[in-house]
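Peer 1: got a structure for you, letters missing:
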């Protein structure tokens, strides 16, 4: 394709699989490549955003980092969907719980993503757009959690443009039943919708915003493997 390589992804067309499992931390992508993939080949190191293609149980798949925040995941997923022929993107990431019964290590399958971002403004829609997951992926992810005995909840997340904020307004999101706060899924779901492709966000609760509990950076990088098990089961 004439648009590849891009300014952000050094791969040639055909070097990335039709399904990509993405994580914010590129080292988590490297961890997935080493743990899950057979014969992984690195296709990207531009800006340190590692990406690999290999096989999992005979199925071709890629893993890649997407960085922090909606502008970052917005760029990478746009290019993957529109320039590299990617059909499915699954985000595996961390999230902060804002519900009492959603604890450290639990999984969140994001059926939808609320947001305080202006990312949607580019589409000039005549109303409010609701970014939602692909239902077939979401259903299969829940079935996998049931089969493996993983504790999870399905529901709305809040994709925030800010990590450090003057006025988090968490109580208002809690009142609307939002499960957790993260920073990327809304943009992923919008890019999937606009390109006519599929997406799903699966997060591990890395901290509990209300209870003040948190995991370490090393734990987030190397021990959040349940969401990875679920993601790879969707291939």
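Peer 2: Sure, I can see it. Fair warning: this is a prediction, and the values are worked out from it, not measured in the lab.
Peer 1: name the element the residue nearest the centre of the chain belongs to?
Peer 2: For the chain, residue 91 is the residue whose C-alpha lies nearest the centre (Cα atoms, centre = their mean; 2.0 Å). In this structure, residue 91 sits in strand 88-97 according to DSSP states H and E.
Peer 1: Show me what that strand pairs with in its sheet, parallel or antiparallel.
Peer 2: strand 19-23 (parallel), strand 180-182 (antiparallel), strand 198-208 (parallel) (DSSP bridges).
Peer 1: Let me see the contact set for residue 102.
Peer 2: 108, 153, 179, 180, 205, 208 (Cβ atoms under 8 Å, 6 or more residues apart in numbering). For glycine as for every other residue, the C-beta is placed from the backbone atoms N, C-alpha and C.
Peer 1: which ones are touching residue 93?
Peer 2: With Cβ under 8 Å, 6+ apart, residue 93 has these contacts: 23, 24, 182, 184, 185, 201, 202, 203, 204, 227.
Peer 1: Who does the first one form a beta bridge with?
Peer 2: So that's residue 23. Applying DSSP bridges, one finds that residue 23 bridges with residue 65.
Peer 1: pretty sure it is touching residue 30, no?
Peer 2: No: using Cβ atoms under 8 Å, residue 23 is not in contact with residue 30; the gap is 9.4 Å.
Peer 1: Would you mind telling me which of these two has the busier surroundings?
Peer 2: More crowded of residue 23 and residue 30, by other Cβ atoms under 10 Å: residue 23, with 28 against 19.
Peer 1: before we move on, the earlier item: buried only: go through the contacts of residue 102 for me.
Peer 2: 108, 153, 179, 180, 205, 208 (16 or more other Cβ atoms under 10 Å).
Peer 1: shaky segments in the chain?
Peer 2: Where the chain drops to pLDDT under 70, the residues are 1, 221-222.
Peer 1: For it, which segments are assigned as strands?
Peer 2: Taking DSSP state E, the strands of the chain run over residues 19-23, 38-44, 51-56, 59-65, 88-97, 107-115, 152-159, 180-182, 198-208, 213-214.
Peer 1: hmm, which two among the buried ones among the contacts of residue 102 are most spread apart?
Peer 2: Using Cβ to Cβ, the buried ones among the contacts of residue 102 span at most 13.5 Å, a distance reached by 153 and 208.
Peer 1: coming back round to it: any idea how far residue 155 is from the residue nearest to the residue nearest to the centre of the chain when sequence neighbours are not counted?
Peer 2: The spatial neighbour of residue 91 that comes closest, neighbours along the chain excluded (Cβ to Cβ, 6 or more residues apart in numbering), is residue 201 at 4.5 Å. Distance of residue 201 to residue 155, given as Cβ to Cβ, to the nearest Å: 12 Å.
Peer 1: okay, those two: which has more neighbours?
Peer 2: Set side by side, residue 201 and residue 155 show more neighbours around residue 201, with 32 against 15, by other Cβ under 10 Å.
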